[in-house]
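S.K.: Quick one, structure for this:
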Amino acid sequence: MVEEPVMKPVMKPQQYYLAVDMGASGGRLILGHVEDEKLILEEVHRFANAPLRKGDALVWDVDRIFAEIVKGIKRCGELGKSPASIGIDTWGVDYVLVDKRGRPLEPAYSYRDSRTAPYLDTVPPFEELYEVTGIARQSFNTVYQLLADKAAGRLEDAAAMFFLPEYFSYRLTGGFGGKTRSEYTEASTSGLLDARKRSWAFPLIERLGLPAGIFDPPREPPYAVGVLDKRLAPGCDAEILMIASHDTASAVSLVDERQLYISSGTWSLLGIQSSPILTEAARDAGYTNEGALNGRIRFLKNIMGLWMLQQTRHELGDAYSFAELESLARETAARNKTVRPIDVNLPRFLSPASMIQEIKDEYRGGWTPESPGELAYCIYVSLASSYKQAVEDLENITGVRYPAISIIGGGSKDGYLNDLTARYTGKEIRTGPSEATAIGNILLQMKHSGRERPRRGFAETVIKL
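M.R.: So this is what the prediction gives:
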């Protein structure tokens, strides 16, 4: 009797996906792959990021950021883990203007720059802007930045406007070759997109005197824009994808659409996923309508977030870790210290010369925080208080009561802030994943590939190599 040969299973080569997760204070490149039906994350590169002061302006060093992205891609090759695709996410509103030859028009301004102040009260009135775009009145909105560019004559030589994820993707591919560059979730933060139609509000753009030609039709992610320029990382044939390139859009793609969430980091974004809500109550409460996946809107409130703690720590010479500041804040609270919450969204906290001094000035006329623990405690209490107010406004606007808050992102690991949030809002707090943005980015790449999806949840720990 002839024995049948034993057929060995054919093992598919491991496929990696690279998330370039850029925040306004730092960037990380995180590889994802599926192992035993579970998503595993590996941090392959990290770098600091902050706007530079050039004269009176705050600008981004886009060449340095791009060089760091390329360094991280090369690191993947050194590890023998070249990605099949790469997706970039960043914060919203900021952009690079490019001329007809594809050259950037410098500088690339930071949203924390003060140049937009004279244009906040421009025509049309904000009430009319909100009725179309649903974007809250904030000094850093793209619409006000472009009006500042127009006044400075910077738009005369501009052939295109690239939001930051689009610009870095453009450079990675060596040019898009006529493909759509404008990704919907990022474009939705501009204050120039029609919230109902999910397309550029060209009547508004024309009324503002902005050149229509710089606006490419926005497209829903994920989609490919090209392949990695071989000169940047020889041996890597990664496809460059536009995922939900606004970081919060990638993060909240993991949250059940029926849940109230806080995406917690440098900024705290508190909201729900819904249809556009363009009511007077939503406008007056400072709620904004930004793009999400699956035809939904991120109806949310921008809250200053852990930026205040980050800047305070920096002014203290980085002598304290975030864990130490949290512990000192708890000790201050344990001494029965009662403090008045301050409004964390005041313009004075957006880009101050001294965050500590601005906090102290806000308490002038009464008790003033002095020690690191007192400063941290004031920030924590004020953030929790702002969450309370934002939740109350949201529930009044929607007529829905939410029993719990899902806190995602890096700030979800801050136990004291979570405790205070539960106490102030009266809600059950559910935390994680802390790497929500990178996970959302990678899952969208997997969706585009059609090859695999994890079935057993997400790895909560990033493996630092």
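
S.K.: List of residues touching stretch 107-115?
M.R.: Stretch 107-115 has contacts (CB atoms under 8 Å, 6 or more residues apart in numbering) with 24, 51, 54, 57-60, 62, 91, 93-96, 139-140, 145, 148, 164, 350-351. Just so you know, the C-beta spots here come from the backbone N, C-alpha and C atoms, and that holds for glycine as well.

S.K.: mind running it again at 7 Å?
M.R.: Identification of contacts with stretch 107-115 by CB atoms under 7 Å, 6 or more residues apart in numbering yields 51, 54, 57-60, 62, 93-94, 96, 140, 145, 148, 350-351.

S.K.: hey, where'd the helices end up in the stretch 251-400 of the chain?
M.R.: Taking DSSP state H, counting those that start in this stretch as the test, the helices found in the stretch 251-400 of the chain are 280-284, 307-315, 322-334, 355-362, 372-398.

S.K.: average pLDDT across the third one?
M.R.: Across helix 322-334, the average pLDDT comes to 96.

S.K.: How much space separates the closest residue to Glu370 other than its chain neighbours from Arg112?
M.R.: Sequence neighbours aside, Lys360 is the residue nearest to Glu370 in space, at 8.0 Å (criterion: CB to CB, 6 or more residues apart in numbering). According to CB to CB, to the nearest Å, Lys360 stands 21 Å off from Arg112.

S.K.: list the buried ones in stretch 222-236?
M.R.: Buried residues in stretch 222-236, counted by 16 or more other CB atoms under 10 Å: 222, 225-228, 232-233, 236.

S.K.: among these, which are in strands?
M.R.: In this view, these that belong to strands under DSSP state E are 225-227.

S.K.: From the contact counts, what lies against the one helix or strand Asn418 maps to?
M.R.: Taking DSSP states H and E as the definition, Asn418 sits inside helix 415-425. Where contact means 3 or more CB pairs under 7 Å, 6 or more residues apart in numbering; DSSP states H and E, helix 415-425 is packed against helix 322-334, helix 372-398, strand 404-408, strand 428-431.

S.K.: what pLDDT, on average, does the third one get?
M.R.: pLDDT averaged over strand 404-408 equals 97, rounded to a whole number.

S.K.: Then the last one?
M.R.: Over the span of strand 428-431, the pLDDT mean works out to 95.

S.K.: Same list (the helices of the stretch 251-400 of the chain) but as JSON lines, adding distance to Ile240.
M.R.: JSON lines is the format used below for these (distance: least, CB to CB, whole Å):
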{"stretch": "helix 280-284", "distance to Ile240": "36"}
{"stretch": "helix 307-315", "distance to Ile240": "30"}
{"stretch": "helix 322-334", "distance to Ile240": "34"}
{"stretch": "helix 355-362", "distance to Ile240": "37"}
{"stretch": "helix 372-398", "distance to Ile240": "36"}
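
S.K.: Leu269 is nearest to which of those?
M.R.: Of all those, helix 372-398 sits nearest to Leu269, with 10.0 Å by CB to CB.

S.K.: buried sites along that closest one?
M.R.: Neighbour counts over helix 372-398 (16+ other CB under 10 Å) mark 372-391, 393-394, 397-398 as buried.

S.K.: just to revisit the earlier point, which of the helices and strands packed on helix 415-425 sits closest to Tyr130?
M.R.: helix 372-398 (13.4 Å).

S.K.: Point out the other helices and strands that that closest one packs with.
M.R.: Contacts defined by 3+ CB pairs under 7 Å, 6+ apart place helix 372-398 against strand 268-274, helix 280-284, strand 297-303, helix 307-315, helix 322-334, helix 355-362, helix 415-425.

S.K.: Nearest to Gly80, out of these?
M.R.: Of all the helices and strands packed on helix 372-398, helix 322-334 sits nearest to Gly80, with 33.9 Å by CB to CB.

S.K.: And the contacts of that closest one?
M.R.: With CB under 7 Å, 6+ apart, helix 322-334 has contacts from 309, 313, 372-374, 376-377, 380, 414, 416.

S.K.: Then stretch 68-83?
M.R.: By CB under 7 Å, 6+ apart, the list of residues contacting stretch 68-83 reads 16-18, 20, 27, 29, 31, 44-45, 47, 168, 232-233, 235-236, 238, 465.

S.K.: cool, and stretch 386-401?
M.R.: Contacts of stretch 386-401 (CB under 7 Å, 6+ apart): 262, 270-272, 277, 279, 281-282, 285, 287, 301, 303, 344-345, 402, 421, 424-425.

S.K.: Just the buried ones from those, in ChimeraX syntax?
M.R.: Those of those that count as buried under 16+ other CB under 10 Å are selected in ChimeraX with:
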select :262,270,271,272,277,282,285,287,301,303,344,345,402,421,424,425
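
S.K.: Against His246, how distant is Ser253?
M.R.: Ser253 is 11 Å from His246, where distance means CB to CB.

S.K.: who's more crowded, these two?
M.R.: Neighbours of Ser253 and His246, each counted by other CB atoms under 10 Å, are more numerous for His246; the result is 29 against 25.

S.K.: Quickly list what that one is bridged to.
M.R.: Thr90 (DSSP bridges).
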